[in-house]
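A.B. asks: take a look and give me a structure for this.
(3 chains)
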Amino acid sequence: MATQHSRSAARLMMAPAVILLLGWMLVPLVMTLYFSFMDYRPLRGIAECCVGFQNYERFITSSSFADSVGVTLIMVGGILAITVIGGVLLAMLLDQPMWGQGIVRILVIAPFFVMPTVSALVWKNMFMDPVNGVLAHVWRFFGAAPHDWLSQSPLFSIILIVSWQWLPFATLILLTAIQSLDSEQLEASEMDGAGFLSRFWFIVLPHLARAITVVVLIQTIFLLSIFAEIFVTTQGSFGTRTLTYLIYQRVLESQNVGLGSAGGILAVILANIIAIFLMRIVGRNLDA
Amino acid sequence: MNTKLRACLGACAVGALSAGAAWAETTITVATVNNGDMIRMQGLMDDFNAQHPDIKVEWVTLEENVLRQRVTQDIATNGGQFDVMTIGTYEVPIWAGQDWLVPLTDMPEGYDADDFLPAIAGGLSKDGTLYAAPFYGESSMVMYRKDLMEKAGMEMPEAPTWDDIKKAAEAMTDKEAEVYGICLRGKAGWGENMAFLSAMANSYGARWFDEDWKAQFDQPEWKATLDTYMDLMTNYGPPGASTNGFNENLSLFQQGKCGMWIDATVAASFVTNPNDSSVADQVGFALAPDNGLGKRGNWLWAWSLGIPAGSDAKDAAKQFVAWATSKDYTALVASKEGWANVPPGTRTSLYENQEYLDAAPFAKMTLDSINSADPTAPTVDPVPYTGVQFVAIPEFAGIGTQVGQEFSAALAGQQTVEQALEKAQALTTDEMEAAGY
Amino acid sequence: MARASTPQKKAVATVAAWTIGLLIFFPILWTILTSFKTEADAIANPPKVLFFDWTLENYGVVQERSDYARYLWNSIVIAGGSTLLGLIVAIPAAWSMAFVPGKRTKDVLMWMLSTKMLPAVGVLYPIYLVMIRLGVLDTKGALIVVLMLINLPIIIWMLYTYFKEIPGEILEAARMDGASLREEILYILTPMAVPGIASTLLLNIILAWNEAFWTLNLTAAKAAPLTAFIASYSSPEGLFYAKLSAASTMAIAPILIMGWFSQKQLVRGLTFGAVK
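C.D. replies: Numbers count the residues shown, from 1 in each chain, chains lettered A, B, ... in the order given. Next up is the predicted model:
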């Protein structure tokens, strides 16, 4: 169908994007790779090549590495679970006829516009603070001792904060998907006597599968690099040190650029493993 | 009046010179921390601009952790983004050793660098040369509520021991009324909980490293330090203490929720300021506690202004640093905001000024605290490092924060003191080996 | 799947949706309310919800401390610039992938997405060094390019999925009628693509506006946007709840207002091919 002419035109049109992204990927990647084989500690004035795989060995064998990978997976998994399940339920609710639908939708999407630093600051100081936070007041109102969120359930607190930010995104995409569902099909099944649960399970959920994979893929890409929320709230203490945060500590806090760069390369590899896994699923879904 | 006269003289002179020819304006970028004294300075820039109309100052005001990361990154890569950096006693000797800072010799006439308190100047010098000018200096001390002590029928000694502190904390705690006997730092970070704990450990005879750079967290002195700390905080401390840093505790104290607070001496002017503090007229001061071993648990720190060697406006930067840390600046703040609000802890002359001593009830205690801290011999047993609440080696920021996270997790009840110490010992040993000690 | 429903059902749905909506919005509402309180009212126990002395004092203090307009302007230029530049690069690329798909198209797309996997903290050093060499630290131009590159994969993908839904038959028909490639794009595709492009533009502005790592680390005084503005309020001394709220409100208000006014456009194209 496509002519040779349009094919080369197409290539030309893609070229700027591909070249730019290639440069954006290769330059830092190659430099990071190079640093990762160096003993590079600027504060000591040391920048020596090459120390082989020493940095990788140190990064992997330190106990914080395995912990941080675990924390990352729990954090990303938790946020995905909350936003996807919450998003499906919320989207189904918003799809019902109601008064003031437009305003409710505005209220629901608002967190998506809040920058991560601000949302972390607001949650930390004004909601989760055990003395002056709103949640502490609520707890006291019900006669309970205020919960100290950030030190007693730190990982959950961060998951909560980030989920709040991403729930609108998931809801919006899932809502569009639900709205495209053929209502006759549903009505027919309702006539046949199918209950709400079976309708949800056999008709709604399969229809949403594609939207859910899209939400999971896009959010994973963003969630793997969560930084501001941890930096503002716990600074990686109490078992909230993700791989990203561990690399930050190595590169910028300890100023051990070689060691941190090795961590960066490892993070790229791990992220790509997850990505390939996800993209397989999405790719299949996109073709379908 | 003196200041104004001088300011005018400077401005008029420059004005007269410039009347004939247009001068080139130099812009300097100053990176600074978002604390009260630095914010105040930004409001007083008219005076500097009048004296130096050819220098334009751009501010980059950041929260402490972000600031430290930004300036370290920039100086380590010679990025040249800043002409003046606000740095502390920890960074100065390390950066000066790399020749990253401009030595502050040939300062303008009347600067009087000899007037700086010896303990403070010593921490900012290398081989006798000053590499950063102290903007304000601080030690730590006990701040307590006189009314609560009175109610409990107790009296705070001027130089308490840790036992005295414990008794006072017990007597003042009234959790029903949300009054907690003692507030201490718990938030993880080498400049947060580890500043307090390292200084406290000094008074218990503990140390970070022995003479061979071996980590010492497996020694009983550290255990004793942490046991006391945990005892105080779990029984008499506020909820959520493991995320409280300086600012959080200041806020609690100002709201009247702390009986005692052991922290930076600069806090004294905030807790006695009736505009911000609900307990302003009830605050008493005492030296940081000791344990009868000859060292007190007080630290030494100075927020200082340094000029990176990569700056392309070194002369203008020097003019600014000289202005900001001069006696005239102190007088300027006093005339605008009152003597109690001048940046404390840097100049001997300030503590000889009767007006200041009258206005600042905490002046004597601040000076005594600063003078009793000795960064060159911080511990009971000898150590190979300098620094009271830190170890002046480049690796310390990273190690200190990680150890701080373990101790903070212990305070949050997620692990025992023994586990925290074990992990601290392991990770410190590990990091030091990697660094080639 | 909207269907006829009874008034009772509608009432239940309304109550449930409003409750959840207000709950989700509450943190923002509370921040805005607190920004109008005095510091003492901000920490009052029990909290004061509406009956307090409304004051603009905090906004005055924040403005006095930092020149809001300058940060706001930088945010607008950087977010807007990177979005426009991104669209200029992305639209042709997405168009060609959607309408002239090759064997490798899907792989290229996936590779593009994978460039987002490089952790920013890990590559800060290299990028910083490159920027020093180029002499572009603390310039809006550098940030525009960096943010454009960061968001490029997402917007190419979003546009691609949108373009793909434009039926190919229309193009075929146009070609039969002798339309050139230029005409094809200008008169047929563009009008159909506008909703998708608008939605992509909005999403990119939001992402660029809220990006907090590069904008903070690559700027000093000249190019610092609102993310740097908020970094100077993150732990001030003493009582700070009201001032923090005021600064937070100032940082998010512009994008929040923009988002609300354009939410219809944003939602319309925000599908990423999720709808078949």
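
A.B. asks: return the residues of the stretch 301-437 of chain B in contact with chain C.
C.D. replies: For the stretch 301-437 of chain B, no residue is in contact with chain C (Cβ under 8 Å from any Cβ of the partner chain). Every C-beta, even on glycine, is put in place using the N, C-alpha and C of the backbone.

A.B. asks: quick one: low-confidence parts of the stretch 301-437 of chain B?
C.D. replies: Under the criterion pLDDT under 70, no range of the stretch 301-437 of chain B is flagged.

A.B. asks: got the residues of it near chain A?
C.D. replies: B:394-395, B:397-399, B:401-402, B:404-405, B:408-409, B:411-414, B:430-431, B:434-435.

A.B. asks: can we see that at 7 Å?
C.D. replies: B:394, B:395, B:397, B:398, B:401, B:405, B:408, B:409, B:412, B:414, B:430, B:434 (Cβ under 7 Å from any Cβ of the partner chain).

A.B. asks: neighbour-wise, which of these leads?
C.D. replies: Highest neighbour count within these, by other Cβ atoms under 10 Å in any protein chain shown: residue B:408, with 30 neighbours.

A.B. asks: may I ask which helix or strand encompasses that one?
C.D. replies: According to DSSP states H and E, residue B:408 maps onto helix B:396-411.

A.B. asks: centre of the chain to that helix, how far?
C.D. replies: Distance of helix B:396-411 from its chain centroid, counting by Cα atoms, centre = their mean, to the nearest Å, is 19 Å.

A.B. asks: do the same with stretch B:412-421
C.D. replies: So, by Cα atoms, centre = their mean, the centroid of stretch B:412-421 is 28 Å from its chain's centroid.

A.B. asks: quick check: residue C:119 touching residue A:267?
C.D. replies: Yes: here residue C:119 reaches residue A:267: they are 4.8 Å apart, a contact under Cβ atoms under 7 Å.

A.B. asks: when these two are compared, which one has more neighbours?
C.D. replies: Neighbours per residue (other Cβ under 10 Å) separate residue C:119 from residue A:267, with residue C:119 holding more: 28 against 25.

A.B. asks: roughly how far apart are the more buried one and residue C:12?
C.D. replies: Using Cβ to Cβ, to the nearest Å, residue C:119 is found at 46 Å from residue C:12.

A.B. asks: what does the pLDDT read for the residue of chain A found nearest chain C?
C.D. replies: As assessed by Cβ to the nearest Cβ, chain C sits closest to residue A:264 within chain A, at 2.4 Å. pLDDT, residue A:264: 94.

A.B. asks: now the closest residue to residue C:146 other than its chain neighbours: phi and psi?
C.D. replies: Leaving aside its sequence neighbours, residue C:146 sits nearest to residue C:214 (Cβ to Cβ, 6 or more residues apart in numbering or on different chains; 5.3 Å). Residue C:214 adopts backbone torsions of phi -70, psi -40, taken as degrees, to the nearest 10.

A.B. asks: quick one: residue C:214 and residue C:145 touch, right?
C.D. replies: No: taking Cβ under 7 Å as the definition, residue C:214 is not a contact partner of residue C:145, at 10.5 Å.

A.B. asks: which residues touch the most centrally placed residue in chain B?
C.D. replies: Nearest to the mean C-alpha position of chain B, counting by Cα atoms, centre = their mean, stands residue B:301 at 4.0 Å. The contact partners of residue B:301, by Cβ atoms under 7 Å, 6 or more residues apart in numbering or on different chains, come to B:88, B:89, B:138.

A.B. asks: what's downstream of the helix or strand hosting it, the next helix or strand?
C.D. replies: Per DSSP H and E: residue B:301 is located in strand B:300-306. Remark: after strand B:300-306, the chain's next helix or strand is helix B:314-324, criterion DSSP H and E.

A.B. asks: thanks a lot, catch you later.
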